[in-house]
Each structure stands twice: as structure tokens, then as C-alpha cells.
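[1] Fold the following.
(chains A and B)
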Amino acid sequence: MTLRASGRALLAVASAAAFAIVVPAQRGAAQEAGAVGNGVFPDSIVFGQSAALSGNARELGNNMRLGVLAAFEEANREGGVHGRELKLKVLDDRYEGEAAVANTRELIQHGVFGLIGAVGTPTSMVAAPIASNARVPYIGAFTGAELLRGRDQRYIVNLRASYYQETEEMVERLTTDLGIRRISILYQDDSYGRAGLTGVQRALDRRNMGLVGEGTYIRNTLAVKRALLEIRSQDPEAVIIIGAYGAAADFIKWAGKIGMRAKFVNISFVGSNALLNALGRSGDGVVVTQVVPFPRDTSRPAVARYQAALRELDTSAEPGFVSLEGYLAGRLVVEVLRTSTDTAGDPPGREAFLRTLHEAGPIDLGGFVVEYGAEDNQGSDNVFLTVIQQGRFVAVSRLSR
Amino acid sequence: MTSPDKTLDHRMHSTFEWILERLPSRMGELVREATGGRFGIGSQIVVGLGGGVLLTVTAIVLCLVLMSFLNTRQREVTETHMPALVGAFNVAQRSDELVRTTPRLLAATTPVQLDSARLEAFHTEAALRTAVDEVMRAQADEGDSGDVGASVVPLVDSMVDIVDRIREAVGSRMGHQARLEELDEQLSTLTLEIQQLLEEEIDNQEFFMYTGLRELTDSPAPVSRRTTIAELDHRGGLLNFKAYQNEVTALIAQAMTQSDPEVLRTNRERIETALSKGDGALEKMRPRVRADLESRVAELEDVYKAPDGVFESRRGELAEAARAEALAARNRQTTAELVERVEGLVGGAEESAQEAAQRSSALVQMGVWFLLAVTAITIAMAYVAWKFFGERMLVRMGALSRATRRMSKGDLDVQVQLEGNDELTDMAGALEVFRRHAVEVQRLNLVEKLAAEVQEKNSELEDTLENLRRTQQQVVNQEKLASLGALTAGIAHEIRNPLNFVNNFAALSSELIEELREELDGGNGDGDGEMDREFIDELLDDLNTNVVKVNEHGMRANRIVEGMLAHSRDEAGEVESVDINVMVQEYAKLAYHGIRGTDSAFNVDMVYELDPGAGGLEGIARDLSRVFLNMVTNACHATNARRQDADATYLPAVTLKTEGRDHNVCVTIRDNGTGMPEDVVSRIFDPFFTTKSGTEGTGLGLSISHEIIQEHGGKIEVETEPGEFTEFRITLPRKHYATAAVPS
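    A predicted model of the protein is given here:
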């Protein structure tokens, strides 16, 4: 309905003649549900985590959660941050992109300060942009995907070295230490696996080499045997595996069963402890690259604190690479939050948090140093080498036959 | 003072008197007493200012009356029309809000949004009903029947009913949507499980058929066991099932978003076909796997076919959406009706409010014009008042002041006349009296001053006259001295001749006396010592002759000197007989030698053509001799002047000619000198006119000559040619003084 023009004019005349007419302000459209806060509450700062708590990758999600919680609880025992308790709200995405998107949206609407400890490349790749658009920090995702690294990704805070750095280290060690020339690859047929594939190919290209062959398997299955047959036919000296621990363990075990003798090299993402458990006694000689220090190496203060914090949280929990990575991510958050303030004494907003992070220079988490900058959103470039020997991991700096 | 002003003044004052006469006698007396019976300055100011004040007060009173009218009108607008209009607007606004509820309901995607939209609709409805009530009340106040307001009510009821039903339909649709989302999730979980199961089983089966291995602990089966019919069937069943299952999943996913019910039905048939084919594939598998898959397929069928499965839910959702759309269409119809009625309502209220406002603004307009008119009249009146009293008073005072100032500076010509009958006219009259007195005094002073001046001028004139006379005498004397100067040289020459003779004879006589003494003392030089008487006598004779000669020449010198004295003597000459030839010759010579005496280079051929019978005449010799001396001198100067510029062939000549007639004598003096131009000829006899430079001439020679000739009754004629000649002809009567007695 519209008022006629003359009516409006008359109304104006009447108003001008000093007859005040109070027209009630138009009631605005129903507010969009879910006002977004910044996660800072009077007594707490809340973070969110969307990770695989069920499904084949559940070990990863659960351990990341454990590590982050260990760091948060440790900080809370010390009095929290700016007098506030750190809290973590966790949702299960079953290592599925769609669920990760839904969870991320829900957590942002819930008003978390930041997202931390996501697991997986396919999940992070779709969830990180959502966080970025909402200007919510996306911290310490358990992935080395290149797409989350580099310029113009201010809201994404990576802790670990990239997959490319890991694959570079793998190829470097295989070719240098062992003189291996024939390398094949088994990769999960998704963005994670393909990221690893690209990393390996680049590393080989740099050495004027090529893959002798490749095999793939479908995510969330253990269907690796056809790939095994394919790879065996190429007779490689080493197989780089970019996959989940279940499939990787099956592949290695069946390879042994059919008499294939090759060096198996896994990427950190495989989930080292789970892999160890799945391999059992047939795991000797299997190599895993790591992006965090060896979790039993208490000579590093960070690892010692981690072990203590973990025990404090769950007496039955065993130290592991994934929970250590979660712990380091949590520690990073605690350290940065503690050193940054908006105005004297106030807890920082998200932007202040990021500003502090980018301008802090090297941040020593206790023998594990990370550094960020305006153009650099990856904290650590370190790749560590571990080998399974007699049913447990051993940290090494070189490979041997 | 210009005449229109005078008329105006006059008219103004006569009008005042006219009014005074026509006033009632008592009042007239009062006015006369207050004003002194005339339109004085005080009265003029009172009338001017009083008029202005009266006008302003009138205007203010009229304005107040107008304002009170305006106030009444405005109150009518404020108290009656505005509430009705505001109410109508309120109804319009609420209706608008209510109408907008429906799209919001239809657009709601969550139950929360739906409920909030409905809640808002409730509030709007309540507000609308209140607004309608108000309008109806206002219409009743205005004497309207309130029909329009009342007619809105059923429409509102109808709309609210529709809104409720839409909400129901949308709510139901949302239920179906929620169910579909659940089913979608179930479907994807189920599909994932089936896929995992299938993939791993296919992987295992193919690995077995290739290696003969099923479990890590097994030893390889022989080749004959790896490729049995059963193994091949199992593998084929798995692969076929995978294909059908993919198809079913895709079809179900399609059904979830299908919006055409017809296509939805076709889709169902295709799903059933694919499922039955899948069942065929299952039959070829090994029992354990088959059982696993069969249970999953049953679940899948359930997801699709159950009463709350995909098919029914989607169908229900579409039906509810259609119902809501139909309701929305009905709602639009009702809305249109409501809008029309409400606009009628608003229009009515607007019209009456507009009329009232127009009346009110017409009054304002009138007030504005009235104020403008009052302003204009006030300005005009002020102008008139200023013209009649202020400016005129200023003009008159100005005239008075100017006149006073001018008088104070001594200008008494100005006459002050002010028409009218007030203080200014009094002052002007007084000033005029003063002026006349002043003029009289001034006139007397002037006469005295003039008399003194005349006296002074007279004595000055006398002095001048005396000076003039003295100067005249001096000039004449100078002329005489000048002509004497001219004579001196000539005279000196004349005297030197006799003196030479005297000296020579004296010297000769002295020698003779010496010889005589020697002879007397002892003879002469022959030595005999005896006197020779004869010789002595001879000597004495010679001596005697010498003495006679000396005496003769001395006499001659004496005559010359006497002549000169006579020439320069100041007293009047005596009339005597003059031999004209002798006089001409004598003075021509004197003039010639006078010039030669001062300028040895001078030479001229003096030609005498004297008539022997010229004879004499009676005249004053001294004066006539001056005439001839002057004339010949001029002639000689003229030739001398020409000679300066002429070549050697030029022979200066002055011709003197006498002519005797019966009663007169004519003397012509002609020279072949420079001649004279016309303009000089006409002025040669004027006193003090001279062509000679500096001290050579006094400019009186010819003028005195002319005078002398006229005194002798003669005349002088002149003929000349510049560069050729000049000829003066003097004619003198012989007996002028004989007949006309001797001048005193």
C-alpha cells in the first residue's frame, strides 16, 4: 500500500505547521537468527573444533581433541587467560566435507573465538574458507595442504610444515640415504591424496626422476589390494603412502604377505600411533615423517609439559604425534592470547589476536619454535623422521636399510 | 522657492484655516488657542507623527482580528481533521504491515522464523483493529456514518484467517522438509556404507581371484578354485549391484528435489525397476555378503517408500506449497480490496483535512496580502507626510539657512520669501528686513568710496599730463640737438676754409713783416745795407692785401657761426626773405659734409638743377633750413644704404631741383636710394616713426619738416619706388607770411 503523493504533501504541511505526528518507526524485519559474538565471555573464551570423532579417521580427531584440551586445561589450571577459562566445543564431522561445513557454520553461529584442531585436507579445504569469510581464525588444522598456505589467508593459522615439505623430506632421504631410484606411490583418491601425489612428483621432478607407478584407493575403505597388485607389478624399491592408517596398514601387511620387499614411507597425516597399532609386528622398517617432535622425547620442554598435561587430563592416554600436535596448537593459542590485549587488561578480539600472532616474531613453545608474518601463515617448517622398530617408533635423522 | 511649492504652502495653510473655520466653535477655539491660529511647525509635526501612529495602530488591530480568525481555523484543523487523517494513515500503515506478513510467512525457512512472523502478524492485527476503532470514532465525531471504517473490519478478519491457514500450510511444508533432510542424511550414510562394503568386497574378490588369498593367514588357493562359476558370479553380482545401487541413489536424490509430481511418479517407477535389478544381482553373490547388502537395500527401500519416506514426504511438501500458494493468491485479492477501502478512507480524511487546511492557508494568504498592503500604505503615507511636512520644512529651512549664510558672507542680493504662515515665514520676514537695512548701509559706503577714487584718479591724470608735456619738450629738444649734430660736421668744414685762409695769410703776413724788418734794419741780403723803399712799399701793399683777405675770411666764418646759432636757437624764428637757391645749395652741402664727416666712405653725386629765376620767398629761414637739411640728409642716407648692397656700377646720386612760379616755389629732392614700400610711405610723417635702427634717428625729422611746411602754407608730396628712387616735392607759397601776417 502506498500513500498518495498529495496525502504525503499534506502531512508535511501539517507537520510544518507544528503539529507533531508521531509515526511509529517501522518495525524492522525479523532479525537473522543467531547473533555472532566473538567467543569472549565474562568468564570464558570459547573455541570450536570440527573433527572426525567417528569413522576410519576417528583416532586422528580424538587425539587432536585430546591434545588441544590438554593445553587448555593446563592453562585453566594456571588461572586461564585474562582471568577467563578456555573452553572447547567439539563437533564430529566423520571426516566428511559436508559435515565439516555444517559444523563450522554452527560453531561460528554459536560465536566461538576461533576454530582449532580440524582434521583432514578435504574437510579443511571447505571449512577454512567459511571461517575466513566470517573473519574467524582457523587454527592448527591437521593438514599440510598447500591450499591453506600462502598469502591472503590471514585467518588461517597453520602450525605444521606442509605436505610438500614432508614429501620433499621423504624423497630426499630415500634418494640420498638409501640411493633409491624406483619410487611408487599409493594415495587416497581425494584432495589429500592428490596433494601428497603432487608433492612427491615435484620432489622427484627436482631430481629429474619420475614415479615408476601409482595406485589409489577410495577414502574410508580398506580396498587397497588391487592397488597393491598394480604397484607390485611396477617393482618399486620404495612406496610412499599418502593415506589413512587403516588402509596403509592393510597395504603394508598384504604387501608383506605377497612377498613384496620395498621401503614404505608414510606421511604424518597417516596417524602414527594408530598405524603402529594396526601394523602390529609387521611394522618394522616402516617410515613415517612427522611435523612435530617425537612425543616421548622429553628432552624438549614442550614435550615434557605435554606429557604432564596429557596425564593430568587422562591417565590412560598414551603420548602420540597427533595429540602432541593438538597440544602444540592449543599452546600456541594460549601463548598468543596471553600476550595480546586490546586495551589494557581486556582480552583481545580476533583481530588483535591475529595482529599479535603476526607481529610476535619467533614464538618458542618450548623447544618447538613457530613464527608467523603478514605473508606467512605457517608456523613451523620442521619435518621429523621416525621409523618403527620392534613395535615402536624411533626418531632418526637418516634412513638405513 | 519655486512656484508649485508656494502654491502648496499656500494651499496647506489655507486648508488649515478652512478646517479651523468649520470646526465647532468650542473646539475651534481650543485648537486656535493651542496652535495660535496657524499651522505652525508644532502642528505640522503633530499631524505627521499622529497620522503615522494612527495608521500603525489601525494595522495592528486589523492584524489581531485576522490572527484570531486564523486561530479558529487552525484549531478546527488540529482538533477535528488531523486526528481523522492521522487515524486513516495509521490504518493504512497497519494494513500495509499486515499485508506484508504473508510474504514473510511464505519465505520462512525455519519454524522459528515462521512463529516470529505469525507473532508479528498478531501484533499488527491488534494494532490495526485499534486504529480502525479510532477512525470509526473520529468519523462519528465528524458526523460521518463510519461506514468506511466498519467496512474494513470483515476484510481484516478474512486476512487474519488466511494468514493462519498459510501458517498452517507452511508449517506442514516445513515438517516435510525436515523429514526430507533426515532422509537425505540417512541416504548418504547408507550409500556410504554400501559403497564401502562393495568396494572392499570387490577388492577382496579380485585380489583373491588373482592371488588365491583371502586372509593374511591363508595360504594361496590353487588357480582352479580361484575362477569357479561361483567366484565369477559373485564378482559379476557385486559389479552389477554397484551399478544399480548407484542408479537408485541418484534417482532418490533426484526425487528429493523434484518439483513436478508427474515426473516424481515416473521417477518412482524407475527406482523400483533399478531395485528389482539390484535384487537380481544380489542373488548371484555369496550368502554372507548378500545378507549384509540385503539388509542395507531393505533400509534403502524403506527410506524411499515408507509412509514418511522420500516419496511421500516430497509429495506432501509439494502439496502444502501449492496450498500455501493458493492461499497467498486469495490473500492478494483480499489485500487489494483492503487497500482500496483504506485508500478510500485515507482519501476522505485527506479531502476534508485538505479543505480545512486550504481555508486556513487562504486566511494566511489573506493575512500576508493584508500585511503587505498595510506596509505599502504606511510607506506611502510616510512618504506623503515626509513630502508635505518634513521635506518641505527642510526645503524651507534650507532656503532660510542658505540665505542667512550668503548674507553673512556679504551677499545681500538674495531675497528671502517663504509662503505660508508659520515660524519659518516669520524668520524669513525678519531676515528680509535685516537684509534691506544692510543693503542701504552698503550703498552709502559705496558712494563714499567712489568719490575718493575719482579724486585720486584726477590727480593721477594731472601728473601724467605734466609728465607728458615734459617728455614732449624733451623729445623736441632732442630733435633739435640731433639736427645740430648733423650740422656740426658740415659747419666745421665750412669754417675750416676761411680759417685756412686766415692762417695762411697770417703766416704770409708774418714773413712779409720779417722781410720788412730786415729791409728796415740794413738792407736785404745783397749786402749793400741800404733800404730799398720800393721794395718796402711792395711789401706793405702785400701786407695790406693779406689783412683785407684775413678780414674777409674772418667775416665769412663769423657768418657761418651766426647761422648755426640761429639754427639752434630755441625762440621762434623771424620771418625774412629767403633766397631759395642759396638756401638749398648751402644746406645740401652742409648735409653732404655732415655725413662725410662721420663716414669717410660716403660719397654721392650731388646734382643741382637750379632754376635761376627761382627767386625768394617770405619765410622763417631757420625752420626752412631744417627742412632742407633733414630732407637731403635722408636722401644721402638712402643712397648710402643702397650702396651697401649694390655692385660697383651703382652711382649714388641726389638731384636738387628748384622751380620758380608766379606765387610759389617748388623744390624737388630726388635720390636713387632704397626707395620705400607702401606701408612705410603711409607712415613717414607720423611722429617717432623711423626705419633707422637704434640711435640713428629720433623719428621726428619728417614729422617736424611736414609741420614746418604746413606752417608755411606749403605741402610735401612723395613719390617712391622700392629699390629705385624716392622723390619729395615741396611746394611753398612765396607770400604766405606777407598776407597772413606774422605768427605770434
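[2] Helices of chain A, residue ranges please.
    Using DSSP state H, the helices of chain A run over A:5-16, A:58-77, A:97-110, A:121-133, A:163-177, A:191-206, A:225-232, A:245-257, A:272-279, A:301-313, A:321-339, A:350-359.
[3] what about the stretch 51-200 of chain A, any weak spots by pLDDT?
    Counting by pLDDT under 70, the stretch 51-200 of chain A shows no low-confidence range.
[4] if we go to 90?
    Within the stretch 51-200 of chain A, the segments meeting pLDDT under 90 span A:55-60, A:79-83, A:94-98, A:111, A:120-122, A:143-147, A:149-154, A:190-192, A:195.
[5] Would you mind listing what in it touches chain B?
    For the stretch 51-200 of chain A, the residues in contact with chain B (CB under 8 Å from any CB of the partner chain) are residue A:98. The way it works is simple: take the backbone N, C-alpha and C, and place the C-beta from them, glycine included.
[6] and if you look at the stretch 201-350 of chain A?
    Residues of the stretch 201-350 of chain A lying near chain B (CB under 8 Å from any CB): A:217-218, A:220-226, A:228-229, A:253-254, A:257-258.
[7] For the residue in the stretch 501-650 of chain B that chain A sits nearest to, what are phi and psi?
    Closest to chain A within the stretch 501-650 of chain B is residue B:645: 115.3 Å, counting by CB to the nearest CB. Note on residue B:645: its backbone torsions stand at phi -100, psi -10 [degrees, to the nearest 10].
[8] got a pLDDT number for it?
    Residue B:645 is assigned 81 on the pLDDT scale.
[9] Then residue A:386?
    We note a pLDDT of 93 for residue A:386 in this prediction.
[10] Contacts only, for the nearest residue to it once chain neighbours are set aside.
    Spatially, and ignoring its direct neighbours in sequence, residue A:386 is nearest to residue A:393 (4.6 Å; CB to CB, 6 or more residues apart in numbering or on different chains). By CB atoms under 8 Å, 6 or more residues apart in numbering or on different chains, residue A:393 lies in contact with A:272, A:276, A:288, A:294, A:296, A:386, A:387.
[11] What residues are bridge-paired with the last one?
    Using DSSP bridges, the bridge partners assigned to residue A:387 are residue A:287, residue A:394.
[12] Would you quantify the distance from it to residue B:66?
    Distance of residue A:387 to residue B:66, given as CB to CB, to the nearest Å: 109 Å.
[13] Count the neighbours of the residue nearest to residue B:422 when sequence neighbours are not counted for me.
    Among residues not flanking residue B:422 along the chain, residue B:40 sits closest, at 4.4 Å (CB to CB, 6+ apart). Burial measure for residue B:40: 20 neighbouring residues, criterion other CB atoms under 10 Å in any protein chain shown.
[14] ok, now how distant is the residue nearest to the spatial centre of chain A from residue B:705?
    With distances taken as CA atoms, centre = their mean, residue A:141 lies nearest the centre of chain A, 1.6 Å away. Per CB to CB, residue A:141 is found 156 Å from residue B:705.
[15] where exactly do the strands run in chain B?
    Under the criterion DSSP state E, chain B contains strands at B:575-579, B:605-609, B:616-620, B:653-660, B:664-671, B:715-721, B:725-733.
[16] Pretty sure residue A:150 sits against residue A:164.
    No: using CB atoms under 8 Å, residue A:150 is not in contact with residue A:164; the gap is 11.4 Å.
[17] Of those two, which one has the most company?
    Taking other CB under 10 Å, residue A:150 and residue A:164 do not tie; residue A:164 has more neighbours (19 against 14).
[18] looking at it, the more buried one is touching residue A:197, isn't it?
    No: Residue A:164 lies out of contact with residue A:197 (CB under 8 Å); the separation is 11.2 Å.
[19] still on that earlier bit, identify whichever of the helices of chain A lies nearest to residue B:248.
    Residue B:248 lies closest to helix A:97-110 among the helices of chain A, at 20.2 Å (CB to CB).
[20] and for the closest one, what are the contacting residues?
    Taking CB under 8 Å, 6+ apart as the rule, helix A:97-110 contacts A:34, A:36, A:46, A:48-50, A:89, A:91-93, A:115, A:118, A:120, A:122-127, A:130-131, A:134, A:136, B:188.
[21] List the buried residues of it.
    Across helix A:97-110, burial judged by 16 or more other CB atoms under 10 Å in any protein chain shown covers A:97, A:99, A:100, A:101, A:102, A:103, A:104, A:105, A:107, A:108.
[22] so what's residue A:76 closest to, chain neighbours aside?
    In this structure, residue A:76 finds its nearest non-sequential neighbour in residue A:85, 5.2 Å apart by CB to CB, 6+ apart.
[23] List the residues that contact the one you found.
    Applying CB under 8 Å, 6+ apart, we find residue A:85 in contact with A:43, A:44, A:45, A:76.
[24] circling back: from chain B, how far out is the residue nearest to the centre of chain A?
    Distance, residue A:141 to chain B, by CB to the nearest CB, to the nearest Å: 23 Å.
[25] for residue A:348, same thing?
    Per CB to the nearest CB, residue A:348 is found 33 Å from chain B.
[26] Ignoring the adjacent residues along the chain, who's closest to that residue?
    Among residues not flanking residue A:348 along the chain, residue A:340 sits closest, at 4.3 Å (CB to CB, 6+ apart).
[27] Closest residue of the stretch 451-600 of chain B to chain A?
    residue B:453 (90.4 Å).
[28] what packs against the lengthiest helix in chain B?
    When chain B is parsed with DSSP H, its longest helix is helix B:423-522. In terms of contacts (3 or more CB pairs under 8 Å, 6 or more residues apart in numbering or on different chains; DSSP states H and E), helix B:423-522 is packed against helix B:392-408, helix B:533-568, helix B:580-598, helix B:621-645, helix B:701-711.
[29] how about 10 Å then?
    Judged by 3 or more CB pairs under 10 Å, 6 or more residues apart in numbering or on different chains; DSSP states H and E, helix B:423-522 is in contact with helix B:3-22, helix B:41-76, helix B:392-408, helix B:533-568, helix B:580-598, helix B:621-645, helix B:701-711.
[30] now the angle from it to helix B:621-645?
    Helix B:423-522 and helix B:621-645 are oriented at 90 degrees to each other (axes from the mean of the first three to the mean of the last three CA atoms, to 10 degrees).
[31] List the single closest residue to residue B:176 in space, sequence neighbours excluded.
    Once flanking residues are discounted, residue B:176 sits nearest to residue B:317: 3.7 Å by CB to CB, 6+ apart.
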